[in-house]
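Enquirer: Predicted model and sequence follow; I will ask about them next.
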Amino acid sequence: MQKIRKAVIPVAGFGTRFLPATKATPKEMMPIVDKPIIQYIVEEAVASGIETIIFVTGRHKRAIEDHFDYAPELEHALERAGKEEYVNIIREISDMADFVYIRQKEQLGLGHAILTAEHIVGNEPFAVLLGDELIINEENPGIKQLIDVYKKFGKSVIGTTDVPREETYKYGIIEGSEIERGIRLVNYLVEKPEPHEAPSTSAIIGRYVLTPNIFDALKRTPFGKGGELQLTDALMLLRQEEVIYSKDIEGIRHDTGNKLGYIKAILDFALRRPDTKDFVKELILEQAEKLKEEANSQT
Ligand code: G1P
């Protein structure tokens, strides 16, 4: 069985939900406290054994390339200012993995983004991580949980979680037969079904391990929901040719692709970090007190 060495991370999206912040800055570079979202994603991949990160990128995304490159002028300036601790922090970012960039010239959907990486991935299984979902699990990183299932069965594995039925329209939904706790043999997949049409509430959460046969399936997949080439549709096609598994990912999940989820993620991370924890806790209690007083004065 081939080792999972490469991860594809699509980053070409416009980030419309965060305008004006994303007018000139990639949404992937927005920070959670002081680290950009994309760095958490790369760290998850690297902690799971990934050696090569393939960014499927687009126009106005130069900041991502710069972030994962050496910054000699900055390092020099920091050294001169006696701030060596920062020199290590910024250098380690570039040493984590090999970084490869490929431009997705047109935005024709997630499936199209994955297909764009075909000649760099080659004929080997690979991981996919989407930047909108942060998964916190220090002992057992999200994508590693899927790689472990791949090691057992040698087939594609999709990361899932159970969502409330009224939210199925936001996700790819899978229906499968549970073979072990949290692991299913996938029978059926559908992209963003309305709640009353969803075959289950098991949602795809932006982590995949895929066999290279997905590329051929993508080439045969017609454009689907939203006029885009959908990875979910290609997986449904692949499912007719080889078995696919799903695995419920264990850990805390944050959807940072929308404003409210982003705010929640910042609070959660700030409450975990030793340097911000006490301050933020106090701030929240203070605000809660104020809100209570306000509510009382209105009754
Ligand atoms: C994509 C996938 C969808 C998946 C989701 C997870 O949708 O197409 O199947 O559930 O990511 O974040 P997007 O959110 O990019 O529209």
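Expert: Perfect, I can see it now.
Enquirer: does residue 54 count as helix, strand or coil?
Expert: When the structure is reduced to helix, strand and coil (DSSP: H, G, I helix; E, B strand; the rest coil), residue 54 reads as strand.
Enquirer: Distance of it relative to residue 133?
Expert: Distance from residue 54 to residue 133, counting by C-beta to C-beta, to the nearest Å: 18 Å. Bear in mind the C-beta positions are built from the backbone N, C-alpha and C, glycine included.
Enquirer: Where do the strands of the stretch 151-299 of the chain begin and end?
Expert: In the stretch 151-299 of the chain, the segments counted as strands under DSSP state E, counting those that start in this stretch are 156-162, 172-180, 183-191, 202-210, 244-248, 252-255.
Enquirer: for these, which one sits closest to residue 109?
Expert: Ranking the strands of the stretch 151-299 of the chain by proximity to residue 109 (C-beta to C-beta) places strand 183-191 first, at 9.7 Å.
Enquirer: Now the closest one - C-alpha only, CSV.
Expert: The C-alpha atoms that make up strand 183-191 are tabulated as CSV, following Å, rounded to 0.1, in the frame of the first residue of the first chain:
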residue,chain,number,x,y,z
ILE,A,183,-16.7,4.1,10.1
ARG,A,184,-19.1,3.5,7.2
LEU,A,185,-19.2,1.9,3.8
VAL,A,186,-20.5,4.6,1.7
ASN,A,187,-23.6,3.8,-0.4
TYR,A,188,-24.7,7.2,-1.6
LEU,A,189,-23.5,10.8,-1.7
VAL,A,190,-25.3,14.0,-2.6
GLU,A,191,-24.1,17.6,-2.7
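Enquirer: Show me what it packs onto, helices and strands only.
Expert: Judged by 3 or more C-beta pairs under 8 Å, 6 or more residues apart in numbering; DSSP states H and E, the packing partners of strand 183-191 are strand 156-162, strand 172-180, helix 231-239, strand 244-248.
Enquirer: Any chance of CSV for those, columns mean pLDDT and mean neighbour count?
Expert: Shown next, in CSV, are the helices and strands packed on strand 183-191 (pLDDT from 0 to 100; neighbours: other C-beta atoms under 10 Å):
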stretch, mean pLDDT, mean neighbour count
strand 156-162, 98, 24
strand 172-180, 97, 17
helix 231-239, 97, 23
strand 244-248, 98, 22
